[in-house]
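Undergrad: 3D model of this:
(one chain, ligands or ions: 2)
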Amino acid sequence: MSKGGQIMSNKTILIAGLGLIGGSLARAIKAGHPEYHVTAYNRSQAPRDFAMQAKLVDEVSDDFEQLAVAADVIILNFPVQLSIKFLETLANLPLKPDVLISDSGSTKQEIINSAEKLFSGQAVRFVGGHPMAGSHKTGVIASDALLFENAYYILTPSPLSKPEDLAELKLILSETHAKFIDLSAAEHDAMTAVTSHFPHVVAAALVNNADDFSDKMPFTKNLAAGGFRDMTRIAESSPDMWAEILMSNPDNVVDQIDQFTDKLQAVKSLIQDKQSDAVWQFFDQARKLRAQMPIHKGAMANFYDLFISIPDKSDAIHDVLGYFSCHHLSIINIKINETRVELNGVLQITFKTKHDLETAEGLIKANTDYDVYQ
Ligand SMILES: NC(=O)c1ccc[n+]([C@@H]2O[C@H](COP(=O)([O-])OP(=O)(O)OC[C@H]3O[C@@H](n4cnc5c(N)ncnc54)[C@H](O)[C@@H]3O)[C@@H](O)[C@H]2O)c1
Ligand SMILES: O=C(O)C(=O)C[C@]1(C(=O)O)C=C[C@@H](O)C=C1
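TA: Ligands and ions are numbered 1, 2, ... in the order given. Model prediction:
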């Protein structure tokens, strides 16, 4: 909708950073707008090759600058502070007039401030973006066109944007099927500290806490069941990404840590004072509130983990994968967890569809006597 209010059908859209989020955005943009020329920058080759083979994009390169100067729209999908570095690079390039720049980072104030400083007085439009859905998995191979379906997609206006720029971005991203909402950067960072940034601190702390305790009682980790799993899935997220998010939203996260510490101290006192009714109220209040929260169920469910208890033999993994050959299963990750040292290892295989998970489970059961569970 730039260029005097006309809708441009032949836009060139640059997806910079072909990871989970960049890959998912590329898929959705291409699906919604086959007429756009979608290009992608990525530093390493494997994601570029994957994106071309899977027809996510029309062109790939490791030359960011060359793609940037040819783009009408640029979406940065790096860890948040790296996106700011890429903005600095963009500020020194002869970009197309009225280029629309956005990002997908999990914090917004810092990047909006940087954009304002870097581009003031230039014919550059900047709108901050943040799709509120994702995963602990990384990389383009885990990307999904429907990752953001029904999730909130926050757009943060900046002094470098007008309402029609937000409308243009929503049109480009329409096939994400996300629910767009405009928030100021300050509102965004305060609220996401509560529902996303601080919970990641808690999840990591729970895992590190269990590890510390296991020094005393090594069997502890084997007793981690559904509760621990549900509380800590996100502790497997990328430390590159999360260190940058916390450093980019420090005041709000520290406030949350203080507030939460007070909550823990309060419940600690209730337990010590044997206030069983008050402890019951504490849980009952949370149970009712949780049931009413409109929590986005999201595309996380698109990842399906199968756990196979395999003997400690070098060919066991090879054999397991061999049973899957010819079945074209959508494996997106393979990991060995040595939780039962000296007995078995646990092979964790992640599939993209439930159907593939069930096929794999059936194949393992038919060919081996290994314990296998979802
Ligand atoms: N993962 C989520 O759940 C989620 C959800 C919403 C928003 N986000 C935000 O999206 C952004 C991207 O996250 P992601 O989940 O796609 O991560 P990812 O690890 O899957 O992808 C990161 C991308 O950054 C690139 N990159 C990293 N370091 C680089 C470097 N030094 N030089 C060049 N390229 C480099 C990688 O090659 C990759 O393309 C982050 O800002 C994150 O805060 C993540
Ligand atoms: O589902 C997950 O694994 C996520 O962590 C996704 C999640 C979150 O819910 O906190 C993570 C970071 C984002 O910026 C948005 C969404």
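Undergrad: got the residues of this structure near ligand 2?
TA: Taking CB under 6 Å from any ligand atom as the contact definition, the chain meets ligand 2 at 106, 132, 133, 134, 135, 136, 196, 234, 237, 300. All C-beta spots, glycine's among them, are computed from the backbone N, C-alpha and C.
Undergrad: sort out for me which of those are in helices.
TA: With DSSP state H as the criterion, helices contain none of those.
Undergrad: want to throw those residues into JSON lines with pLDDT?
TA: Shown next, in JSON lines, are those (pLDDT from 0 to 100):
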{"residue": "106", "pLDDT": "98"}
{"residue": "132", "pLDDT": "96"}
{"residue": "133", "pLDDT": "94"}
{"residue": "134", "pLDDT": "93"}
{"residue": "135", "pLDDT": "89"}
{"residue": "136", "pLDDT": "88"}
{"residue": "196", "pLDDT": "98"}
{"residue": "234", "pLDDT": "94"}
{"residue": "237", "pLDDT": "94"}
{"residue": "300", "pLDDT": "49"}
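Undergrad: ok, so of those, who is nearest residue 120?
TA: Set against residue 120, the nearest of the residues of the chain next to ligand 2 by CB to CB is residue 106 (24.7 Å).
Undergrad: next, that closest one: phi, psi?
TA: The phi and psi values for residue 106, taken as degrees, to the nearest 10, are phi -80, psi -10.
Undergrad: excluding chain neighbours, what is closest to it?
TA: Once flanking residues are discounted, residue 106 sits nearest to residue 245: 4.8 Å by CB to CB, 6 or more residues apart in numbering.
Undergrad: ok, residue 330 next?
TA: residue 352 (3.8 Å).
Undergrad: mind listing what that neighbour touches?
TA: By CB atoms under 8 Å, 6 or more residues apart in numbering, residue 352 lies in contact with 142, 144, 302, 303, 304, 330, 332.
Undergrad: could you find the lowest-pLDDT member of these?
TA: Least confident of the contacts of residue 352 in the model: residue 302, at 58.
Undergrad: picking up where we left off before, report the buried members of the contacts of residue 352.
TA: Buried members of the contacts of residue 352, scored by 16 or more other CB atoms under 10 Å, are 142, 144, 302, 303, 304, 332.
Undergrad: so how far is residue 19 from the residue in the stretch 51-200 of the chain positioned nearest to ligand 1?
TA: When scored by CB to the nearest ligand atom, the stretch 51-200 of the chain has residue 134 as its residue closest to ligand 1, at 1.7 Å. To residue 19, residue 134 is 10 Å away according to CB to CB, to the nearest Å.
Undergrad: residue 306 now?
TA: Distance, residue 306 to residue 19, using CB to CB: 24 Å.
Undergrad: which one of the two is surrounded by more residues?
TA: With neighbours defined as other CB atoms under 10 Å, residue 306 and residue 19 compare such that residue 19 has more, 23 against 20.
Undergrad: all helices of the stretch 51-200 of the chain, in order?
TA: Secondary structure of the stretch 51-200 of the chain by DSSP state H, counting those that start in this stretch: the helices cover 64-69, 80-91, 109-119, 163-172, 185-192, 198-216.
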